[in-house]
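**Student:** Fold the following for me, if possible:
(one chain, ligands or ions: 1)
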Amino acid sequence: MNPIKSSDRQTIDIDSEKEKFDDFHEHIHLPGFIQPHGVLLVLEEPSLKIVQASNNTSIFFDVPPEQLLNRSLSKFLPRTQLRNLKKIVERNDFDMLNFAKLRLKKEDEYLFLDGILHRNPDGFLILELEQSTYRNDMDFLGFYNSLRSAAAKIQKTANLQEMYGAIVREVRKLVKCDRVMVYKYDRNWNGEVVAEDKRDDLEPFLRLHYPDADTKPCRDLYAEHWLRLIVDVNAKSADLIPLHHPKNNAPLNLGNSVLRGFSPCHQEYLQNMGVCSTLVMPVKQSKKLWGLISCHHYTPKHVSYELRQACEFLSQIASSELVMKAEAEDYDYQIQLKSVQAKLTEYMSIEENFVKGLIEDKPNILDLVNATGVAIYWQDEFTTIGNVPETSDLESLIVWLRNNVREEFLETDSLSNLYPEAEKYKDIASGLLAISILPKNYILWFRPEFIQTVNWAGNPNQAIVEEVDSEGVIRLTPRGSFEVWKEIVHLKSLPWKLCEVEAAKDLRRAIINIALRQADEQAKLARELKRSNDDLEKFAYVASHDLQEPLNLVSSYVQLLEMRYRDRLGDDAKEFISFAVDGVSHMQALIDDLLAYSRVGTQKKKFVEVKIEDVLNRACWNLQTKINENEAEIVQDRLPSVLGDRIQLVQVFQNLIGNAIKFRGQESPQIQIEVQQRKEDYLFSVCDNGIGIDPQFRDRIFTIFQRLHSRDEYPGTGIGLALCKKIIERHGGTIWFESELGKGSTFYFTISLSSQTE
Ligand code: ADP
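**Tutor:** So this is what the prediction gives:
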């Protein structure tokens, strides 16, 4: 046994291998020779004149091939048999009916032959003759029963592995050969022996892997046909005479021939394995080649036409059973995945944002495909659970996916093979299952590296090599040794199962539906909110505007009452009147503020260039009395010009400076106004040395009518900061504060340089 080696298989030059095998493939159809146990005749229609023959005709005919050529077949076959052949040709249904039993007199003996007719891809009629080893007088019923019982045993098995076992046993019983194997392809067309029945003394091949190159040349043929027999790999082949068909002057296409010769490379391959005769049948899953049933015999072996038909029938049964059993396999797991999928869909549709629905409950998106980590990339943000690569690595992976994977979906158990950068996080993400959800957004599931040992039948890196012989001709040579070659496979995860891949695809469909619906709902909600805000603003404006007049009336008459009847009123009445005057003036302040607030949205002025210096002067002018009363000191930076609404900006500064004075501490107010130009905006700050604000009210104080103090302590309406917020947002900025109780406050706000948000 070879020493353990680590994998280096990626060094195979796939393109040159492919070219080699494309040449080889041509050759397979056009070998120019056949296996010598039978005779091949090419017949002209309708005369049935022999235009080509294999050079071994004397095994069945009294005459050599040269004497058969250009003569009608009728000269050599009894009339009744010729009639049978003609019937087949006339019906032109070679798929169903292409076989006739023939009896030929050679010297004094009768030969019983099987005549197999077909038309080749060029339309030429080909008759192939083989010695019949099964005779009509044999026990047909017994044969039928043994075939029926074999089919029943294959069908009765409970699962795939049992079925493989039944196939190899039943086929071996029928064919009576030394070894029968079921050979299953993986996604890269490497094969693995998954079941075997053999002579006890032979070395087992079970679980051995065979590289893609071993079967590549003939896979296309197996996809079309149901059987291939090589009777004796060591026998000298029989050439065709003449080599070219007279009509097209080209080598005869033997793609559908039962006697077709085999390539020297394949001959050497079997010889190196010590095999003398093979019978191979394809197993197909939904018309696609899934694997092979391969019979080996170590001495020459002819399998009769009837037995071959029986084997073909069994491989067809195996193929149809395979589809059903593969679907039933993992049935419980599939049901489990379906239920995870249903739950995730439900969670997603309840949540406002579907991403939450995928990760926050149990089961979550990891359970859908049995992954160890998942990253959801949605609207430029990653949400992850489990073990995932670093964010910067995830970002690069997304860029790679966008540039390199056109499909909506990628599944690999060896990410670093496609994207070498992934090798550095192989322990987290050797396997990747990626789906794109709407353009540029992805869900990525990860699986870690899973180091495996694969037993190859011989070194897979030297499966078939190119050799140049002494005459300079390139020849393909199979490896000489089939000794077990152990490969330690690195950088691979456990493969994603088909049902997991399907579950991911189904989830993608669900996400797209839900995400689109949510986006639609959000847009609708935003539209409705805007409409109701607009209505509210209009209402507030109209209400406050219309309230002003009656309120002024109340105010005037209460004041009149007080003036005119001052002498006649008792102390109580005077107090009541002063309450009423207070209430009215508070209500007036409220209405003024509310009007200002609603005007921000309803009476928008076009933005113009505004000097903040002027704005500040105006605000201070409005606050002059308060500034003087409190001996407030205001210092300021050099202030810029911005694009904006002058009156509204005066309101902002007036409110902030007014608050800084109103919420003063023991010392006289010191107010500092600074500005900083940044990339996209100006950052203004208004800093005071007042009573400060508890930071927990960060959001509350910007909400309309929210105050932290009673009106007895500090007068106010609770509208000022809400108004500032609204104005600043209209100017494309944000507003916030930093403060500590007793240590003053700084209010920050930004104004966009472009003020595009207006
Ligand atoms: P008003 O000043 O009319 O009460 P505002 O919306 O302007 O309403 O302010 C809301 C609340 O935020 C105020 O009641 C006050 O408690 C607090 N506040 C605002 N500015 C300051 C400040 N500079 N210092 C301390 N507290 C402040």
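**Student:** residue ranges for the helices of the stretch 401-550 of the chain, please.
**Tutor:** For the stretch 401-550 of the chain, the helices defined by DSSP state H, counting those that start in this stretch cover 415-418, 426-429, 498-564.
**Student:** Out of these, which is closest to the ligand?
**Tutor:** helix 498-564 (15.8 Å; CB to the nearest ligand atom). Every C-beta, even on glycine, is put in place using the N, C-alpha and C of the backbone.
**Student:** other SSEs contacting that closest one?
**Tutor:** Secondary-structure packing of helix 498-564 (3 or more CB pairs under 8 Å, 6 or more residues apart in numbering; DSSP states H and E): helix 331-350, helix 354-359, helix 365-369, strand 409-412, strand 431-436, strand 442-447, helix 571-602.
**Student:** packing partners for the first one?
**Tutor:** When contacts are defined as 3+ CB pairs under 8 Å, 6+ apart, helix 331-350 packs onto helix 354-359, helix 365-369, helix 498-564.
**Student:** Which residues does the second one contact?
**Tutor:** This points to helix 365-369. Helix 365-369 has contacts (CB atoms under 8 Å, 6 or more residues apart in numbering) with 337, 340-341, 344, 358-359, 372-374, 376, 385-386, 433, 443, 445, 496, 500-501, 503-504, 507.
**Student:** now do stretch 199-211
**Tutor:** 178-179, 181, 183, 190-196, 198, 454-457, 460, 463, 484.
**Student:** if we go to 7 Å?
**Tutor:** 178-179, 181, 190-193, 196, 454-457, 460, 463 (CB atoms under 7 Å, 6 or more residues apart in numbering).
**Student:** From start to finish, how long is it in a straight line?
**Tutor:** 25 Å (CA to CA, to the nearest Å).
**Student:** For burial, what's the neighbour tally of Ile350?
**Tutor:** Using other CB atoms under 10 Å, Ile350 has 11 neighbouring residues.
**Student:** Then Val454?
**Tutor:** Residues lying near Val454 (other CB under 10 Å) number 18.
**Student:** can I assume it is in contact with Glu487?
**Tutor:** Yes: Val454 is within contact range of Glu487, at 4.7 Å (criterion: CB atoms under 7 Å).
**Student:** can you list residues touching both of these two?
**Tutor:** With CB under 7 Å, 6+ apart as the test, Val454 and Glu487 reach no residue in common.
**Student:** So which bits of this protein are right by the ligand?
**Tutor:** 655, 659-660, 663, 688, 690-691, 693, 701, 707-709, 716-722, 745 (CB under 6 Å from any ligand atom).
**Student:** From the residues you listed, which land in strands?
**Tutor:** Ser745 (DSSP state E).
**Student:** Please narrow the residues of the chain next to the ligand to those residing in helices.
**Tutor:** Residues of the residues of the chain next to the ligand located in helices (DSSP state H): Asn655, Asn659, Ala660, Gly720, Leu721, Ala722.
**Student:** just to revisit the earlier point, and the helices of the stretch 401-550 of the chain as CSV, adding distance to Asp332?
**Tutor:** Below are the helices of the stretch 401-550 of the chain laid out as CSV (distance: least, CB to CB, whole Å):
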stretch, distance to Asp332
helix 415-418, 29
helix 426-429, 28
helix 498-564, 11
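**Student:** Next, format those as JSON lines and append mean neighbour count and mean pLDDT.
**Tutor:** Below are the helices of the stretch 401-550 of the chain laid out as JSON lines (neighbours: other CB atoms under 10 Å; pLDDT from 0 to 100):
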{"stretch": "helix 415-418", "mean neighbour count": "19", "mean pLDDT": "94"}
{"stretch": "helix 426-429", "mean neighbour count": "20", "mean pLDDT": "96"}
{"stretch": "helix 498-564", "mean neighbour count": "14", "mean pLDDT": "79"}
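**Student:** returning to that earlier point: okay, the helices and strands packed on helix 331-350 in JSON lines with distance to Lys325 next?
**Tutor:** Shown next, in JSON lines, are the helices and strands packed on helix 331-350 (distance: least, CB to CB, whole Å):
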{"stretch": "helix 354-359", "distance to Lys325": "33"}
{"stretch": "helix 365-369", "distance to Lys325": "23"}
{"stretch": "helix 498-564", "distance to Lys325": "14"}
